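>>> Give me coordinates for this.
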Amino acid sequence: MQNSIAENIATFLKQYEPFNFIEYSDLKAIVLDSNILTLQKGKTLFKINDELHDSFYIVYSGVVHLTKVLDAEEVLHSKCYSGNLFGLRPFFAKNNYVLKATANEDAVLYAIPIAVFKPYLTKYTAVLDYFLENFATQAKPKKENYQQFKSISEIDTSSSDTNYSYFQDLQYTTSPTLIEANSSIKNVTLKMIADKSSHALITYNTKIVGLLTDADLAKKIGAGLYQIDDIVNKIMNINFIIVDKNISVAEAQLLLLKNETTHLCVTEDGTQNSAIVGVISERDVINSQSNNPGILIKEIKSAHSLDELKYIHTKYLDIIQNSFTKNIPIFHINAVASELLFSIIQQNIQIAIAQLGSPPARFVWLAIGSQGRKEQLYLSDQDSLLIYEDVAPEKQRDVKYYFVQMAKLVIVNMEKLGYSLCPYDHMASSIKCCRSLTDFVNLYQNWMVAPGENAADFSPIFYDFEYVYGEIKIKDALENVIYQKIKSNTLFFDFLGNKVLKLPEGLTFFKKIAVEENGTKKEYFDLKQKGLQVYIDAARLFALSYGLKGVNNTYLRYKQLAISDPKNAENYLDFAENYLQLQHFRVEESIVNDTDGSFIKVANLNKVDKEKLKKCLTQTDEIIELIKDKYQLTQFS
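Predicted coordinates for the structure are as follows:
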């Protein structure tokens, strides 16, 4: 690359993080080994499941869209503008790309070889910190990233660093003040006053040709630069930004900051030629972010007492309720809510550590059960494990004592927030759920080798665990043992399969919904045990047998199974949707009647909902048949 070109590129990069941390001479050396790529509109740089490239990319000009597949449809994940980085996955992950990168308009990119850039990660710690902060993996989030608009994180919605702005509503003015371009400044001002508007869109033949704000009037008219009877096109801003009507909070924030403007013009498809929809102001973005989960996580991280967390937790519950009432899909609500809940648990752990002093050994806190599956959208019981590293025998007693005491503080605080104690004592504060790594490895191995003999200590939810806090390598070590031991373990699958078959049925012999016939829940339907549990337990069984490591969410398990077992793909996809429908019933019951949603009053359901419930329960027969077909269910029948 010619020196003059390299200098120009280095100067451009120096404007943006993390390149502004790098000395110019080093930056120029990096650029000399880099390449310039042109990507025509509609062309793809890499696709989902493509092998990783040996370079990462910076947008010089144009726009690159990163898309993902959600519910079998390709949807927009984020947009990369000038100065944005993307394609960082090769730095931190070995698996293939999880997003597709396509030019939304003609784009010029700089491709920087990873081998060339890596040495500078150790030389400039600020650069490494930046990369770690902005790249999220399912394995281990290094830091919370609140700058979601940077568009470089390459994750899917099941990851631990969810793009919250994807779910965030942006309310903006949908009845803007419209003024013809040949109008006088006086008439525009009077119209803005009449509409109580701080801005006006200047139009010609129904197309936006300019933007005028009260700030423009104050500067240009108040200063006497123009007369009140002049034509408005003399003072209107012609360098306005147009966006499409479905813009997210994060994208709006990015464009306002990047273009140093206070308003965005909204049209149907984001072009000047489509119908005018409205105007977004800075205040609209601020108001939308006041209930943004990303902002809420910041508050959680700043909390130093249970009282502070109690207040924040009420906001967390409001987000779930508001998202549900706005008909945001349950799957998306699960993704956001689980990250918020995990942050609350993390902060409780830090509060406990501050009270007890530094831990005597490395440890990991794992959520299990519905928390571990990222499906706890209601105030049900809490389930968790605490695994600490192996220590010398003489230290074992003191180390275990510390972690049990720490876990008790966390569990008690979570109980005060509304999460009841697990009736089976599956909590990190229990001696049996607070063990060393070797103890847990032996425990899991015993379960899998002789599940019938160890059934008293066994619970299938112990296979639904998710990282919350601590040393993730401990979790990975246990997970590796489990999936190694589980291969071709017909006895273990026999045991799990028979547990599903023995669950109570949701329909009677005459195919009516099997409501409770007596007791305090008479005429209620046990949604948890007779509906959800079959789908949950079956998904776990299938996922374990197919070796779907790291996939704990029931819905995602069925989605992944549709790929791993194409012969039964249609069934798995039906199961996935049915499970979301059942969970929808439970969340609705929880919100309306302030319960954990386990039981619903069938008589209160309308005809359509009754049919939906019955369909979900009817298809459990297909789950049972699939289990019988796949596994040898002889030993524990």
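
>>> which residues in the stretch 1-150 of the chain form helices?
For the stretch 1-150 of the chain, applying DSSP state H, counting those that start in this stretch gives helices covering 3-13, 24-32, 89-92, 114-123, 125-134.

>>> three-state assignment of K549?
Three-state call for K549 (DSSP: H, G, I helix; E, B strand; the rest coil): coil.

>>> Can you verify my assumption that it contacts V481?
No - with contacts counted by C-beta atoms under 8 Å, K549 stays clear of V481, the gap being 11.6 Å. For every residue, glycine as well, the C-beta is placed using N, CA and C.

>>> of these two, who's got more company?
V481 (17 against 13; other C-beta atoms under 10 Å).

>>> Check the gap between that one and G369 for me.
Using C-beta to C-beta, to the nearest Å, V481 is found at 21 Å from G369.

>>> And Y81, by the same measure?
42 Å.

>>> just Y24 next, same as before
Distance of Y24 to G369, computed by C-beta to C-beta: 54 Å.

>>> And for Y172?
To G369, Y172 is 40 Å away according to C-beta to C-beta.

>>> try L37
47 Å.

>>> So for these two, which sits in the more crowded spot?
More crowded of L37 and G369, by other C-beta under 10 Å: G369, with 24 against 14.

>>> The stretch 251-400 of the chain: strands as residue ranges?
263-267, 276-281, 363-367, 384-388 (DSSP state E, counting those that start in this stretch).

>>> Other residues contacting the first one?
The one in question is strand 263-267. The contact list for strand 263-267 (C-beta atoms under 8 Å, 6 or more residues apart in numbering) reads 172, 199, 201, 208, 211, 213, 240-245, 247, 252, 255-256, 274-282.

>>> got the angle for that strand vs strand 276-281?
160 degrees (axes from the mean of the first three to the mean of the last three C-alpha atoms, to 10 degrees).

>>> Quick one: mean pLDDT for strand 263-267?
Averaged over strand 263-267, pLDDT sits at 93.

>>> neighbouring strands for it, and are they parallel or not?
In the sheet, strand 263-267 lines up against strand 242-244 (parallel), strand 276-281 (antiparallel) (DSSP bridges).

>>> can you list contacts of the last one?
Going back to what we said before, that points to strand 276-281. Contacts for strand 276-281 (C-beta under 8 Å, 6+ apart): 170, 172-176, 178, 198-199, 201, 203, 206, 208, 243, 245, 247, 252, 262-268.

>>> 6 Å instead?
Y172, T173, T174, P176, H199, K245, A252, H263, L264, V266, T267, E268 (C-beta atoms under 6 Å, 6 or more residues apart in numbering).

>>> which of those sit farthest apart?
Using C-beta to C-beta, the pair of those lying farthest apart is H199 and E268, separated by 19.2 Å.

>>> More neighbours: these two, which one.
Comparing H199 with E268 by other C-beta under 10 Å, the one with more neighbours is H199, at 21 against 13.

>>> Which residues does the more buried one form beta bridges with?
T213.

>>> and if you look at the one 4 residues further on?
Bridge pairing for T203 (DSSP bridges) gives the partners E180, I208.

>>> re earlier: among the contacts of strand 263-267, which ones are buried?
With burial judged by 16 or more other C-beta atoms under 10 Å, the buried subset of the contacts of strand 263-267 is 172, 199, 201, 208, 211, 213, 240-243, 245, 247, 252, 255-256, 276-281.

>>> show me the contacts for Y130.
Counting by C-beta under 6 Å, 6+ apart, Y130 makes contact with E17, P18.

>>> that older thread, would you turn the strands paired with strand 263-267 into a markdown table with mean pLDDT?
Shown next, in a markdown table, are the strands paired with strand 263-267 (pLDDT from 0 to 100):
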| stretch | mean pLDDT |
| --- | --- |
| strand 242-244 | 87 |
| strand 276-281 | 92 |
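
>>> Turn those strands into CSV, including distance to T325.
CSV is the format used below for the strands paired with strand 263-267 (distance: least, C-beta to C-beta, whole Å):
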stretch, distance to T325
strand 242-244, 25
strand 276-281, 23
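
>>> which stretch among the ones you listed comes nearest I185?
Closest approach to I185 among these is made by strand 276-281 (18.9 Å; C-beta to C-beta).

>>> Looks like N233 contacts E180 (just checking).
No - taking contacts as C-beta atoms under 6 Å, N233 lies outside contact range of E180: 10.0 Å.

>>> picking up where we left off before, lowest average confidence across the helices of the stretch 1-150 of the chain, which one?
helix 125-134 (a mean of 66).

>>> quick one: E471 and A361 touch, right?
No - between E471 and A361 there is no contact under C-beta under 6 Å: 9.3 Å.

>>> More neighbours: the two, which one.
Comparing E471 with A361 by other C-beta under 10 Å, the one with more neighbours is E471, at 20 against 17.

>>> Not counting residues beside it along the chain, what's closest to that one?
Leaving aside its chain neighbours, E471 sits nearest to R362 (4.3 Å; criterion: C-beta to C-beta, 6 or more residues apart in numbering).

>>> How confident was the prediction at that neighbour?
pLDDT for R362: 97.

>>> What of the one 4 residues further on?
The per-residue pLDDT reported for L366 equals 97.

>>> Might you report the residue contacts of it?
Residues in contact with L366 (C-beta under 6 Å, 6+ apart) are L385, F465.

>>> quick one: Y483 and K549 touch, right?
Yes - counting by C-beta under 6 Å, Y483 does reach K549; the two are 5.5 Å apart.

>>> which residues in the stretch 51-200 of the chain form strands?
Secondary structure of the stretch 51-200 of the chain (DSSP E, counting those that start in this stretch): strands located at 55-61, 64-70, 73-80, 85-86, 100-103, 107-113, 178-180, 199-204.

>>> Check which residues of the helix or strand hosting D609 are buried.
Using DSSP states H and E, D609 maps to helix 607-618. For helix 607-618, burial by neighbour count (16+ other C-beta under 10 Å) applies to D609, K612, L613, K614, C616, L617.

>>> and what of stretch 172-182?
Y172, T173, P176, T177, I179, A181.

>>> burial measure for the residue lying closest to L340 once chain neighbours are set aside, as a count.
The spatially closest residue to L340, leaving aside those adjacent along the chain, is Y316, at 5.0 Å (C-beta to C-beta, 6+ apart). For Y316, the number of neighbouring residues by other C-beta under 10 Å comes to 22.

>>> What is the neighbour count of the residue nearest to I22 when sequence neighbours are not counted?
Leaving aside its sequence neighbours, I22 sits nearest to Y124 (C-beta to C-beta, 6+ apart; 5.7 Å). Number of residues near Y124 (other C-beta under 10 Å) recorded here: 17.

>>> What separation is there between Y124 and L478?
For Y124, the distance to L478 - C-beta to C-beta - is 35 Å.

>>> Ok, Y110 next?
According to C-beta to C-beta, Y110 and L478 sit 42 Å apart.

>>> just K220 next, same as before
Distance of K220 to L478, given as C-beta to C-beta: 67 Å.

>>> ok so, going back, looking at it, the residue nearest to L340 is touching L341, isn't it?
No - if you go by C-beta under 6 Å, Y316 and L341 don't touch, sitting 7.1 Å apart.

>>> gap between T595 and S380?
Taken as C-beta to C-beta, the span from T595 to S380 is 10 Å.

>>> So these two - more neighbours on which side?
A direct count of neighbours by other C-beta under 10 Å for T595 and S380 places S380 higher, at 22 against 15.

>>> surely that one meets D596?
Yes - contact criterion C-beta under 6 Å: S380 and D596 qualify, at 4.3 Å.

>>> and the spatially closest residue to A115 that is not a sequence neighbour, how many neighbours?
Excluding its sequence neighbours, the residue lying closest to A115 (C-beta to C-beta, 6+ apart) is D54, at 6.8 Å. A count of neighbours around D54, defined by other C-beta under 10 Å, yields 11.
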